[in-house]
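Chemist: The following comprises the amino acid sequence and a computationally predicted model.
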Protein chains: 2
Amino acid sequence: MQLVADNLHVINPVVALALDQYDPGPIQDLVKKCEAAGAQAIDINSGPLTRAPERKMAFLVETVQEVSRLPLLLDTSNAIAMKAGLEAAKNSQNPPIINGFSLEPKKLGMILPLAKEYQSPIIGYLLTPNSQVPVDEADLISVALELYEKLQAAGLTDDQLIIDPVVAPVIWENGVRHNQSVLSLIRNLPDILGFPVTTIAGISNLTTGNIPMEKKQLLEEAFLPVLAGAGLSMALVNVFHTRTLQIARACDALIQPGIFSWATL
Amino acid sequence: MQLVADNLHVINPVVALALDQYDPGPIQDLVKKCEAAGAQAIDINSGPLTRAPERKMAFLVETVQEVSRLPLLLDTSNAIAMKAGLEAAKNSQNPPIINGFSLEPKKLGMILPLAKEYQSPIIGYLLTPNSQVPVDEADLISVALELYEKLQAAGLTDDQLIIDPVVAPVIWENGVRHNQSVLSLIRNLPDILGFPVTTIAGISNLTTGNIPMEKKQLLEEAFLPVLAGAGLSMALVNVFHTRTLQIARACDALIQPGIFSWATL
């Protein structure tokens, strides 16, 4: 399971200020800390970037790539920013992952074609066209099949697709039921689509809301390996949660092929 | 996921002495502590009971049932002891689970028929006829199919079968590779056998051997939810490992149908 840091988020005031002032220092410090903590990829969550989207996303990508060779996820709903980010990373070793598209018409029309243009992997969210979360597995499956059709129609290959079934907060009325469907879907997706589908899930979403910190920690520690056991490929996590990272490394030691080594724990 | 205490084991000197002296007190204390710690079933691991197998297993079953209504697993390779235990528990609400049989000829001939006679669920171990652990999933599947054939030939119903794919110690040369096959098998077994197969796994086995205690704890905390995520029905655990039990409860809160409640954490 590949661990993607969710820490480089414009919601973080340090990141927001640095971005506003085009000051690479604080962002590069954060990225180095993420890498030291065990991040295996970095999600650049720029938000919608209503002002100067091209310059800002290019700045973010270049700033991160100056200090890190980790794969990047470009996380914005702004197609102009996305294209600028892909352009800025064009010469890097790994094409960044587009995060992401859904059945929402604007995403299909503006974001999905960028995956074809830049040969990038792209994350497809299992959301309805009006961005609702389906509760039952049957509905998740039907959205997954539709996304896959759109991907094929856009001329992309199977290995470009990464499915995010969208973990719901446990405090939502149907959150737990939805997450059960998510687990079952992750287990069954390779059978449903007929190839070993890459999957990703955002762990922090689970404990969004007003929940005591130690309960958040416990739920996260339990849920990350549950997802790993279901077959999840990539997890978007706060890499500064030390115990969660330890648990994730233990999962890898237990699940990844290769000789078991205490050194990895 | 149902949590089965592995604590009532004749390898524990307190249990061994109490059994030797037919002294119910220490055993009942242990069972009460297991139940208080969160056990949802008790595995009575009597060992082979070479002397007085009938009296001893009957004593164990009656001793436990005097203080607990938890379901029991009778864990012995001695068919005479097994029958005595089943007989002793004949009038209890849940028939005990027979733990267990395999393709070993003695088990097929002596233990499996007891499941028919007492209408008991029975655990089938995915071991070769000479009690070896298959490493690859294909071999595990072929053993599972053979066990299922034997179960049908013995006149048992699908819901009597509980599959134990046998977790291997990580320090075994092929332990990690085997456990990966185990995970994949647990995910796929319902498809392979065509019904929602109940599964069980012994967690303590994972960290058998000379491993630092904090590494054992970390591996256990990670592996239990990994198994839950793969779809495991029952876990045999040391219920005195407090954090493991907390994690297991968090898994249940996340995986079991029903409204999420902080009270269960």
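Modeler: Noted; the coordinates are in hand.
Chemist: Might you report the residue contacts of the closest residue to residue A:233 other than its chain neighbours?
Modeler: Nearest residue to residue A:233, sequence neighbours excluded (Cβ to Cβ, 6 or more residues apart in numbering or on different chains): residue A:198, at 4.6 Å. Just so you know, the C-beta spots here come from the backbone N, C-alpha and C atoms, and that holds for glycine as well. Contacts for residue A:198 (Cβ atoms under 8 Å, 6 or more residues apart in numbering or on different chains) come out as A:121, A:159, A:161-163, A:233-234.
Chemist: Where do the strands of chain A begin and end?
Modeler: For chain A, the strands defined by DSSP state E occupy A:2-5, A:41-45, A:72-75, A:97-101, A:122-125, A:161-164, A:198-202, A:234-237.
Chemist: and the first one with chain B, contact?
Modeler: It stands for strand A:2-5. No - between strand A:2-5 and chain B, judged by Cβ under 8 Å from any Cβ of the partner chain, nothing touches; the nearest distance is 13.5 Å.
Chemist: Not counting that strand itself, show me its contacts.
Modeler: Against strand A:2-5 from outside (Cβ under 8 Å, 6+ apart): A:34, A:37-43, A:73, A:200, A:233-239, A:245, A:248.
Chemist: Adjacent strands (with direction) for that strand?
Modeler: strand A:41-45 (parallel), strand A:234-237 (parallel) (DSSP bridges).
Chemist: Just give me how far that strand sits from the chain centre.
Modeler: Strand A:2-5 sits 8 Å away from the centroid of its parent chain (Cα atoms, centre = their mean, to the nearest Å).
Chemist: Show me the shaky parts of chain A.
Modeler: A:257-265 (pLDDT under 70).
Chemist: For it, which residue occupies the most central location?
Modeler: residue A:236 (5.1 Å; Cα atoms, centre = their mean).
Chemist: Quickly list what it is bridged to.
Modeler: Here residue A:236, judged by DSSP bridges, has bridge partners residue A:4, residue A:202.
Chemist: So it versus chain B, what's the distance?
Modeler: 17 Å (Cβ to the nearest Cβ, to the nearest Å).
Chemist: Going by neighbour count, which of the contacts of residue A:198 comes out on top?
Modeler: residue A:163 (25 neighbours; other Cβ atoms under 10 Å in any protein chain shown).
Chemist: who's in contact with it?
Modeler: Neighbours of residue A:163 in contact, by Cβ under 8 Å, 6+ apart: A:123-124, A:126, A:144, A:147, A:189, A:197-200.
Chemist: Tell me, how many residues neighbour residue A:170?
Modeler: By other Cβ under 10 Å, the burial measure for residue A:170, its neighbour count, is 25.
Chemist: shouldn't it be in contact with residue A:179?
Modeler: Yes - between residue A:170 and residue A:179 a contact is recorded at 7.4 Å, counting by Cβ atoms under 8 Å.
Chemist: if I look at the two, which residues touch both of them?
Modeler: By Cβ under 8 Å, 6+ apart, the residues touching both residue A:170 and residue A:179 are A:206, B:254.
Chemist: Please list all residues in contact with residue A:244.
Modeler: By Cβ under 8 Å, 6+ apart, the contact list for residue A:244 reads A:203, A:217, A:220-221, A:224, A:237-238.
Chemist: All the helices of chain A, residue numbers only.
Modeler: Taking DSSP state H as the test, the helices found in chain A are A:13-20, A:24-37, A:53-67, A:79-88, A:105-106, A:112-118, A:137-153, A:175-193, A:213-230, A:242-255.
Chemist: Residue of the stretch 151-265 of chain A nearest chain B, please.
Modeler: When distances are taken as Cβ to the nearest Cβ, the stretch 151-265 of chain A reaches nearest to chain B at residue A:229, 2.8 Å away.
Chemist: mind listing what that residue touches?
Modeler: For residue A:229, the contacting residues are A:255, B:183, B:225-230, by Cβ under 8 Å, 6+ apart.
Chemist: Spit out the contact partners of residue A:207.
Modeler: Going by Cβ under 8 Å, 6+ apart, residue A:207 touches A:169-170, A:215-216, A:219-220.
Chemist: Quick one: those residues as a markdown table, columns for distance to chain B too.
Modeler: Output for these, formatted as a markdown table (distance: Cβ to the nearest Cβ, whole Å):
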| residue | distance to chain B |
| --- | --- |
| A:169 | 10 |
| A:170 | 5 |
| A:215 | 6 |
| A:216 | 11 |
| A:219 | 5 |
| A:220 | 9 |
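Chemist: among the residues you listed, who's most crowded?
Modeler: Highest neighbour count within the contacts of residue A:207: residue A:170, with 25 neighbours (other Cβ under 10 Å).
Chemist: show me the contacts for it.
Modeler: A:176, A:179, A:206-207, A:211, A:219, B:253-254, B:260.
Chemist: so how many other residues sit close to the closest residue in space to residue A:76 that isn't next to it in sequence?
Modeler: Leaving aside its chain neighbours, residue A:76 sits nearest to residue A:46 (4.8 Å; criterion: Cβ to Cβ, 6+ apart). For residue A:46, the neighbour count with other Cβ under 10 Å is 26.
Chemist: swap in the one 5 residues further on?
Modeler: Here the number of neighbours of residue A:51 (other Cβ under 10 Å) works out to 8.
Chemist: One more: residue A:208?
Modeler: 16.
Chemist: closest point of the stretch 1-150 of chain A to chain B, which residue?
Modeler: Taking Cβ to the nearest Cβ, the stretch 1-150 of chain A has residue A:1 as its residue nearest chain B, at 10.1 Å.
Chemist: The spatially closest residue to that residue that is not a sequence neighbour and residue A:234: what is the separation?
Modeler: Spatial nearest neighbour of residue A:1, excluding adjacent residues (Cβ to Cβ, 6+ apart): residue A:228 at 5.0 Å. Noted for residue A:228: a distance of 11 Å to residue A:234, by Cβ to Cβ, to the nearest Å.
Chemist: Quickly list what's touching both of those two.
Modeler: With contacts taken as Cβ under 8 Å, 6+ apart, residue A:228 and residue A:234 have residue A:1 as neighbours in common.
Chemist: one step back: just the buried residues out of the contacts of residue A:229, in PyMOL syntax.
Modeler: Applying 16 or more other Cβ atoms under 10 Å in any protein chain shown to the contacts of residue A:229, the buried members can be selected in PyMOL as follows:
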select buried, (chain A and resi 255) or (chain B and resi 183+225+226+227+228+229+230)
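Chemist: Any chance of the contacts of residue A:229 in CSV with distance to residue A:24 as columns?
Modeler: Listed next are these as CSV, based on distance: Cβ to Cβ, whole Å:
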residue, distance to residue A:24
A:255, 36
B:183, 43
B:225, 39
B:226, 39
B:227, 44
B:228, 43
B:229, 39
B:230, 43
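Chemist: Farthest pair within the contacts of residue A:229?
Modeler: Farthest pair in these (Cβ to Cβ) is A:255 and B:228. Separation: 13.7 Å.
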